[in-house]
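*Asks:* Give me the fold of what follows.
(one chain, ligands or ions: 1)
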Amino acid sequence: MTDVTREAMEYDVVIVGAGPAGLSAAIRLKQLDAELDVMVLEKGSGVGAHILSGAVLDPCGLDALIPDWKDRGAPLNTPVTDDNFYLLGEGGKVRVPNWPMPPLMSNHGNYIVSMGNVCRWMAEQAEELGVEIFPGMSCSELVYGDDGSVRGVVAGEFGRNPDGTPGPSYEPGMELLGKYVLLSEGVRGSLAKEVIEKYELAKGHEPQKYGLGMKEIWEIDPDKHRPGSVTHTMGWPLGKNAGGGSFIYHLENNQVYVGFVVHLNYTNPHVYPYMEFQRFKHHPMVAELLQGGKRVAYGARAISEGGYQSMPKMVAPGVALLGCSVGMVNVPRIKGNHNAMLSGKAAAEAAHEALEAGRGGDELTAYEDEVRNGAIGKDLRKVRNVKPMWSRWGLTASLTLGGLDMWTNTLGFSLFGTMGHGKSDAAATEPAEKHAPIDYPKPDGKLSFDRLTNVSFSMTNHEENQPVHLTLKDPDVPISVNLPKYAEPAQRYCPAGVYEVVQEEGKEPKFVINFQNCVHCKTCDIKDPSQNINWVTPQGGDGPNYPNM
Ligand SMILES: Cc1cc2nc3c(=O)[nH]c(=O)nc-3n(C[C@H](O)[C@H](O)[C@H](O)COP(=O)(O)OP(=O)(O)OC[C@H]3O[C@@H](n4cnc5c(N)ncnc54)[C@H](O)[C@@H]3O)c2cc1C
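*Replies:* Predicted coordinates for the structure are as follows:
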């Protein structure tokens, strides 16, 4: 799609993605030099429209970036008041006490927030400083210089026909060029993926690992609402089928975030993460909380879980990867927003120093040094073995040995060194014949909902008349390989019901992609066992329209 002539605009720094990482970079750049030309491009219809976190926010990133955030009215309104952790069985629960947990696991001093609202507020701060923010602008391509460096991005292309040819209202978009391009697309960013492959940035690092996070907002009976309460669970219903767990965070206005994460390294292709989430809400502890309430929003997003050893090289000529485009989630804490903010700040400081020295288009190595050796590296190093232990030895080992390892790491050493992850999540999937299908109960429409009904609560919308953004490298693979070998798991791992295998009597089965439903979680790009699905950005403004996720 490079056969089009486009106008170009030059900036000092072009930032892709208005999440906590991108907005932090923009804010820091303008704090350091008000004269810099800084732009942020966001594919969501507005800032926050595609943001989905738990979220319990560790404010250390915000403290470093905007120390007077309280006076500036940042929407951190609900301090964490209590922290509960349960191991669930089908009908019961065991509370794991807080005292054996290392201090890093404490949520004291953290806040339950809507990250969508935090990002909207950060965007206001950025705009006050003179940052130009353009929502509704998908960055669909990278622009390379003659020397092979990244020069910019193409954004704002609209109106292609489904076959890719320009339609009647075609807009070619623009080339937005910068001395540096910062990719803060979040987990499994499509441009970041290209950069990682082109410059072989993942070479010598462990594969990135992922989870699928699904989340609903519930309005509950005020008598049951405890603002500031944080609960995490593990165990039922996943059992041995997959790793993962839940979160239940009570925010303001009688609302509760109910979320569920399924690690995507599960081997059994019959696992249906969405249905695991729905089943979880029928546990007596959860059902009692939600009964009489109503679900007001739904969304899903992949979460990076590889941690310290999976961070690829994060700089290449003219470009740097930020936040979860690198993978900066502290897995046992289920927190990445603080590191996303710190990475944005660090990238901005490195870019500013380079620009002051008259540089441009080179590698921001100072940024990578700061991430690996500064606060982010320290945060992630301490917990680096929890996920590999869980993958290899299961939940109990990750709780006991992982707990021990986090303690010794807090004291400065590890008995386990740095453990590897081994396979990618796609490669972990085993043939269907090795596993029994799982019989999931039907949603009751009160506590649990069918997938398509829930997708309508993500307010997802895609212009129908455009190319399908879930591209198949080989269109035959779903039916010729994935169906016989893996019972085509796309039908189940997608939390939005995008993929269907339609089997009509007397006809060959057909693979159908309902791209209109896509909530941009990127799970298909990650988990397809044949690595045949490539997620690319649809037109700007399309996708979910999350409220206060
Ligand atoms: C279910 C779940 C629960 C979580 N809970 C917590 C928690 O409680 N606490 C915590 O700290 N962290 C939590 N996290 C992790 C946290 O969400 C991430 O670490 C954080 O979002 C990373 O920030 P980011 O800025 O790198 O990316 P994101 O927040 O994902 O932002 C990326 C932005 O870039 C935009 N974008 C992407 N590609 C393009 C493109 N090509 N063109 C234009 N725009 C683009 C996206 O629309 C998005 O707005 C959770 C994650 C999940 C999935």
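
*Asks:* contacts and neighbour counts: CA atoms only from here.
*Replies:* Fine.

*Asks:* Please tell me how far the closest residue to Glu216 other than its chain neighbours sits from Tyr180.
*Replies:* The shortest distance from Glu216 to any non-neighbouring residue, by CA to CA, 6 or more residues apart in numbering, is to Tyr298 (4.4 Å). Shown here: Tyr298 relative to Tyr180, a distance of 36 Å by CA to CA, to the nearest Å.

*Asks:* neighbour-wise, which of these two wins?
*Replies:* Neighbours per residue (other CA atoms under 10 Å) separate Tyr298 from Tyr180, with Tyr180 holding more: 30 against 27.

*Asks:* Beta-bridge partners for the more buried one, please?
*Replies:* With DSSP bridges as the criterion, Tyr180 is bridged to Val13.

*Asks:* element containing the residue nearest to Glu216?
*Replies:* Assigned by DSSP states H and E, Tyr298 falls within strand 294-304.

*Asks:* Pull out the buried residues from that strand.
*Replies:* Neighbour counts over strand 294-304 (16 or more other CA atoms under 10 Å) mark 294-295, 297-304 as buried.

*Asks:* Generate JSON lines for those residues, with distance to Pro162 and pLDDT as supplementary columns.
*Replies:* Formatted as JSON lines, these follow (distance: CA to CA, whole Å; pLDDT from 0 to 100):
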{"residue": "Lys294", "distance to Pro162": "38", "pLDDT": "97"}
{"residue": "Arg295", "distance to Pro162": "35", "pLDDT": "98"}
{"residue": "Ala297", "distance to Pro162": "30", "pLDDT": "98"}
{"residue": "Tyr298", "distance to Pro162": "28", "pLDDT": "98"}
{"residue": "Gly299", "distance to Pro162": "26", "pLDDT": "98"}
{"residue": "Ala300", "distance to Pro162": "26", "pLDDT": "98"}
{"residue": "Arg301", "distance to Pro162": "26", "pLDDT": "98"}
{"residue": "Ala302", "distance to Pro162": "27", "pLDDT": "98"}
{"residue": "Ile303", "distance to Pro162": "30", "pLDDT": "98"}
{"residue": "Ser304", "distance to Pro162": "32", "pLDDT": "98"}
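
*Asks:* Those: which ones sit near the ligand?
*Replies:* The subset of the buried residues of strand 294-304 within reach of the ligand, by CA under 6 Å from any ligand atom, is 301-303.

*Asks:* Put together CSV for those, with distance to Arg95 on each row.
*Replies:* Output for these, formatted as CSV (distance: CA to CA, whole Å):
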residue, distance to Arg95
Arg301, 28
Ala302, 28
Ile303, 26
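
*Asks:* wait, what's in contact with the residue nearest to Glu216?
*Replies:* Neighbouring residues of Tyr298 by CA atoms under 8 Å, 6 or more residues apart in numbering: 214-217, 454-455, 457-458.

*Asks:* ditto for Ala300
*Replies:* 52, 212-215, 495, 519-521.

*Asks:* Please report how far the residue nearest to it when sequence neighbours are not counted lies from Phe280.
*Replies:* Once flanking residues are discounted, Ala300 sits nearest to Met214: 4.2 Å by CA to CA, 6+ apart. Using CA to CA, Met214 is found at 12 Å from Phe280.

*Asks:* same thing with Gly402?
*Replies:* In terms of CA to CA, Gly402 sits 25 Å off from Phe280.

*Asks:* which strands and helices sit next to the top helix by length along the chain?
*Replies:* Determined from DSSP state H, the single longest helix within the chain is helix 337-356. Counting contacts by 3 or more CA pairs under 8 Å, 6 or more residues apart in numbering; DSSP states H and E, helix 337-356 packs against helix 20-32, helix 60-65, helix 365-373, helix 375-381.

*Asks:* now for those, which one comes closest to Pro166?
*Replies:* helix 20-32 (30.8 Å; CA to CA).

*Asks:* How about the closest one and the ligand, touching?
*Replies:* Yes - using CA under 6 Å from any ligand atom, helix 20-32 reaches the ligand at 20-22.

*Asks:* CA atoms only for that helix - export them in CSV, please.
*Replies:* Coordinates of each C-alpha in helix 20-32 appear next as CSV, following Å, rounded to 0.1, in the frame of the first residue of the first chain:
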residue,chain,number,x,y,z
PRO,A,20,0.1,6.1,29.7
ALA,A,21,3.4,5.5,28.0
GLY,A,22,2.9,7.8,25.0
LEU,A,23,1.2,10.6,26.9
SER,A,24,4.0,10.5,29.6
ALA,A,25,6.6,10.8,26.8
ALA,A,26,4.7,13.8,25.3
ILE,A,27,4.3,15.5,28.6
ARG,A,28,8.0,15.1,29.6
LEU,A,29,9.3,16.3,26.2
LYS,A,30,7.3,19.6,26.6
GLN,A,31,8.3,19.9,30.2
LEU,A,32,11.9,19.8,29.1
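
*Asks:* helices or strands up against that helix?
*Replies:* Using 3+ CA pairs under 8 Å, 6+ apart, helix 20-32 is in contact with strand 7-16, strand 38-42, helix 60-65, helix 115-128, helix 337-356.

*Asks:* Throw those into a markdown table and include distance to Leu176 and mean pLDDT, thanks.
*Replies:* Below are these laid out as a markdown table (distance: least, CA to CA, whole Å; pLDDT from 0 to 100):
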| stretch | distance to Leu176 | mean pLDDT |
| --- | --- | --- |
| strand 7-16 | 5 | 98 |
| strand 38-42 | 9 | 98 |
| helix 60-65 | 26 | 98 |
| helix 115-128 | 19 | 98 |
| helix 337-356 | 17 | 98 |
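
*Asks:* Just send those back as JSON lines, with distance to the ligand and mean neighbour count too.
*Replies:* Formatted as JSON lines, the helices and strands packed on helix 20-32 follow (distance: least, CA to the nearest ligand atom, whole Å; neighbours: other CA atoms under 10 Å):
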{"stretch": "strand 7-16", "distance to the ligand": "5", "mean neighbour count": "20"}
{"stretch": "strand 38-42", "distance to the ligand": "4", "mean neighbour count": "25"}
{"stretch": "helix 60-65", "distance to the ligand": "10", "mean neighbour count": "18"}
{"stretch": "helix 115-128", "distance to the ligand": "8", "mean neighbour count": "21"}
{"stretch": "helix 337-356", "distance to the ligand": "4", "mean neighbour count": "25"}
